[in-house]
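S.K.: need coordinates for the below:
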Amino acid sequence: MYIALLITAAACGEVWDSDKTSAAEVEAPEIVIPDSVTFWEHIAPVVALRCAPCHHEGGAGPFTLLSYKDFRKRLKTVHAGAAEGSPPPGGRIDLAEIQLPEPDVRIPFPDTIQITGSMRDRFYLAKIGFELPEDTVLAAIAFVPGNRQAVHHVNGHLINYKPGMKTDVHEGSWIENAEVRTSLSAYEDMKIANDDGSYPPMRVSAFNYLPGTEAVRYPGGIGTVNISRKGAFLLNTLHYGPAPKDSFDLSEIHLYYAAENAERPLLELHLGTQGETDVKPKFVIPAGKKAKFSTSYLVKEDISVLTVNPHMHLLGKSFKAYAVSPDGIDTIPLVSIPQWDFRWQYFYTYPQMVKIPQGYAIIAEAEFDNTIENPFNPNIPPKTMQAAGRNMKTTDEMFQFFVNYVPYQRGDEHIQL
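M.R.: Numbers count the residues shown, from 1 in each chain. So this is what the prediction gives:
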């Protein structure tokens with residue numbers, strides 16, 4: 001790949017002559033290759049955009065890539081990762097990058113979370129109240145972890161309180177050990193209800209976070225969110241992975257105002273464990289065995305897919321998803337990760353929306369390795385694994401596929417995301 005070759009040459013402090021490379025070796029011929037390459041002119045901008053957000057001190061990446069010295073030290077690793085399209089798995093380093101600007105509003109956690117080095121998962125149910133100048137429309141909501149090495153995932157719901165229905169949006173306690181609490185009792189402790197005891201509307205999955213993900217801002221009013229002046233974010237759940245030493249977290253939620261009203265709200269399909277489709281065969285991975293599973297969803301109307309998110313844990317080995325026509329002739333590829341890496345849980349956004357017609361089946365297939373040969377197996381000796389409860393520990397297992405979409409409109413295929 002062009003970037004892999006470019007990174008290798010420049011990080012070595014050498015000059016790369018494009019005349020010595022045949023066209024067959026260049027996978028991205030539409031990119032103009034310079035006659036010579038230097039680290040600071042050609043590589044550093046790519047590193048700043050694609051590597052540094054995770055590969056910095058305290059970031060999600062296992063080592064830093066902030067200087068030429070850092071980069072040269074990890075040259076073989078970077079070269080191998082770029083050549084394989086990883087990280088993230090199934091992705092590749094690209095010169096064309098879009099980053100969110102500074103947020104219009106920052107909403108920090110009300111206090112720091114103390115994380116003990118006990119090597120156990122910790123789950124919270126948390127409410128973060130807010131008060132804005134007025135009702136408005138958001139283009140994006142981003143969860144920004146303060147401790148990227150500790151926060152494993154967050155599912156964020158939005159609660160909008162109507163005028164006069166809630167006096168104090170900040171009251172209520174956070175819930176630790178959330179896996180042993182029922183939703184109703186937890187909601188009571190967090191003071192989710194209106195002052196009169198009724199419950200406000202809640203937008204489920206207004207934002208999500210997994211290691212390596214960044215918030216997406218879609219064009220043309222797609223995926224915008226209406227937000228009330230007074231409301232709260234319900235983190236259900238806030239998951240911290242096992243930690244070897246004491247640390248803390250002080251995360252934030254960033255709000256980005258939209259220039260236009262919500263025209264096409266984003267919808268979500270949840271396939272697989274804890275979702276709306278069955279896993280076949282039953283999701284049980286015997287000790288010492290490898291296993292394959294699939295799940296499928298019949299599309300009920302023409303849809304335009306923007307983003308997909310595969311999700312497995314430590315036993316996952318590969319993941320593939322596609323849509324197929326009723327006659328089996330037409331296949332639409334969606335995502336393929338031949339070498340699953342639990343450390344990177346990406347939301348993959350397409351360059352343009354992908355149309356899936358009514359009647360097509362969305363199919364996800366995954367492989368799992370529950371043998372002692374799997375270096376990531378959390379159990380030695382291996383033990384039989386099956387889908388656990390609502391709050392999944394890192395050492396539990398799951399098979400999920402999330403599809404973010406809008407109902408299809410003519411011309412969606414040409415909208416640049």
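S.K.: domain parsing of the protein, as residue ranges.
M.R.: Listed by automatic domain parsing, the domain ranges of the chain are 2-84, 105-257, 267-414.
S.K.: save these as a markdown table, and put in mean neighbour count too.
M.R.: Quick note: C-beta positions are derived from backbone N, CA and C, even for glycine. Formatted as a markdown table, those follow (neighbours: other C-beta atoms under 10 Å):
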| stretch | mean neighbour count |
| --- | --- |
| domain 2-84 | 16 |
| domain 105-257 | 17 |
| domain 267-414 | 17 |
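S.K.: would CSV of those domains with mean pLDDT be doable?
M.R.: Shown next, in CSV, are those (pLDDT from 0 to 100):
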stretch, mean pLDDT
domain 2-84, 58
domain 105-257, 90
domain 267-414, 93
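S.K.: tell me where the stretch 151-300 of the chain has helices.
M.R.: Remark: helices assigned in the stretch 151-300 of the chain by DSSP state H, counting those that start in this stretch are 183-189.
S.K.: next up, the contacts around residue 269.
M.R.: Remark: with contacts taken as C-beta atoms under 8 Å, 6 or more residues apart in numbering, residue 269 is in contact with 275, 276, 297, 362, 402, 403, 405.
S.K.: from residue 334, how far out is the second one?
M.R.: Per C-beta to C-beta, to the nearest Å, residue 276 is found 17 Å from residue 334.
S.K.: any idea how far stretch 217-237 is from the chain center?
M.R.: Relative to the centre of its chain, stretch 217-237 is centred 16 Å away, using C-alpha atoms, centre = their mean, to the nearest Å.
S.K.: now stretch 189-199
M.R.: The chain centre lies 31 Å from the centre of stretch 189-199; the measure is C-alpha atoms, centre = their mean.
S.K.: next, the distance between the ends of that stretch.
M.R.: Start-to-end span of stretch 189-199 (C-alpha to C-alpha, to the nearest Å) is 14 Å.
S.K.: show residues contacting that stretch.
M.R.: Outside of stretch 189-199, the residues within contact range by C-beta under 8 Å, 6+ apart are 125-127, 159, 161-162, 165-168, 171-175, 187, 200, 232, 234.
S.K.: and with 6 Å instead?
M.R.: Applying C-beta atoms under 6 Å, 6 or more residues apart in numbering, the set of residues contacting stretch 189-199 from outside is 127, 165, 166, 167, 171, 172, 173, 200.
S.K.: make TSV out of the residues you listed and add distance to residue 271.
M.R.: Shown next, in TSV, are the contacts of stretch 189-199 (distance: C-beta to C-beta, whole Å):
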residue	distance to residue 271
127	29
165	36
166	35
167	41
171	37
172	33
173	34
200	29
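S.K.: among those residues, which ones are in strands?
M.R.: Those of these mapping onto strands are residue 127, per DSSP state E.
S.K.: which one of the contacts of residue 269 is nearest residue 150?
M.R.: residue 402 (23.1 Å; C-beta to C-beta).
S.K.: ok, that closest one to residue 216 distance?
M.R.: In this view, residue 402 and residue 216 are 13 Å apart by C-beta to C-beta.
S.K.: nearest residue to residue 240 in space, please, no chain neighbours.
M.R.: Closest residue to residue 240 apart from its sequence neighbours, by C-beta to C-beta, 6 or more residues apart in numbering: residue 122 at 4.4 Å.
S.K.: and for residue 65?
M.R.: Of all residues apart from its sequence neighbours, residue 55 sits closest to residue 65 (C-beta to C-beta, 6+ apart), at 4.0 Å.
S.K.: so the one you found sits right up against residue 70, yeah?
M.R.: No. Assessed by C-beta atoms under 6 Å, residue 55 is found out of contact with residue 70, at 8.0 Å.
S.K.: residue 77 versus the residue nearest to residue 65, what's the distance?
M.R.: Residue 55 sits 10 Å away from residue 77, taking C-beta to C-beta as the criterion.
S.K.: ok, residue 184 next?
M.R.: 48 Å.
S.K.: contacts only, for residue 321.
M.R.: By C-beta under 6 Å, 6+ apart, the contact list for residue 321 reads 334, 335, 364, 401.
S.K.: which strand or helix spans residue 71?
M.R.: Under the assignment given by DSSP states H and E, the secondary-structure element containing residue 71 is helix 68-73.
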